[in-house]
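Visitor: Turn this into a model:
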Amino acid sequence: MCAELHYNICKEIAVKLDNKHWYDHVSKSVETSYDGKVTILWKQQVRSNTTIPNNKPSIIIRDNKQGTCMLIDVAIPGDRNVIKKEAEKILKYKERTDEIRRVWNVKTKVISTITGATGTILKTLKT
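Guide: Sure, this is the predicted structure:
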């Protein structure tokens, strides 16, 4: 699921892709759009002056043109834990978003992509 999401994001922001299909796509740790304004980090730690646990979101999208940064974390818990897992992910990256906002001087947002093991998704993902 995370590899397909990475592929679709790359496709959307005009990153040169070697393959036509997401299942053939090999994700690179750093991808940059043609114009160089958007950078995608794949499973990379965010370096900072402080040591913060939970420092490796699935995908980070930094848009230098708009001054934004999105941390996307993907999880596939049991269906009964979908709502709990989303809240956990948002709290987990609270310190990290504050640090990125301060160091990179960008607006930061956490997007938790949670899908239950049998396909249950949150209402917020349906819109």
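Visitor: what's the closest non-adjacent residue to L17?
Guide: Ranked by CB to CB, 6 or more residues apart in numbering and with sequence neighbours excluded, the top spatial neighbour of L17 is C10, at 5.9 Å. Bear in mind the C-beta positions are built from the backbone N, C-alpha and C, glycine included.
Visitor: and the residue positioned nearest the centre of the chain, what element?
Guide: For the chain, the residue nearest the mean C-alpha position is I72 (2.2 Å; CA atoms, centre = their mean). If you go by DSSP states H and E, I72 is part of strand 68-75.
Visitor: In this structure, where is pLDDT below threshold?
Guide: Across the chain, the ranges flagged by pLDDT under 70 are 1, 22, 48, 52-54, 122-127.
Visitor: go with 80
Guide: Along the chain, the model assigns pLDDT under 80 to residues 1-11, 13-29, 34, 45-56, 76-83, 86, 89-90, 95, 112-127.
Visitor: Phi and psi next, for the nearest residue to T118 once chain neighbours are set aside.
Guide: Excluding its sequence neighbours, the residue lying closest to T118 (CB to CB, 6+ apart) is D79, at 5.5 Å. Here is the backbone geometry of D79 (degrees, to the nearest 10): phi -60, psi -30.
Visitor: same question, V110
Guide: Backbone torsions of V110, given as degrees, to the nearest 10, read phi -100, psi 130.
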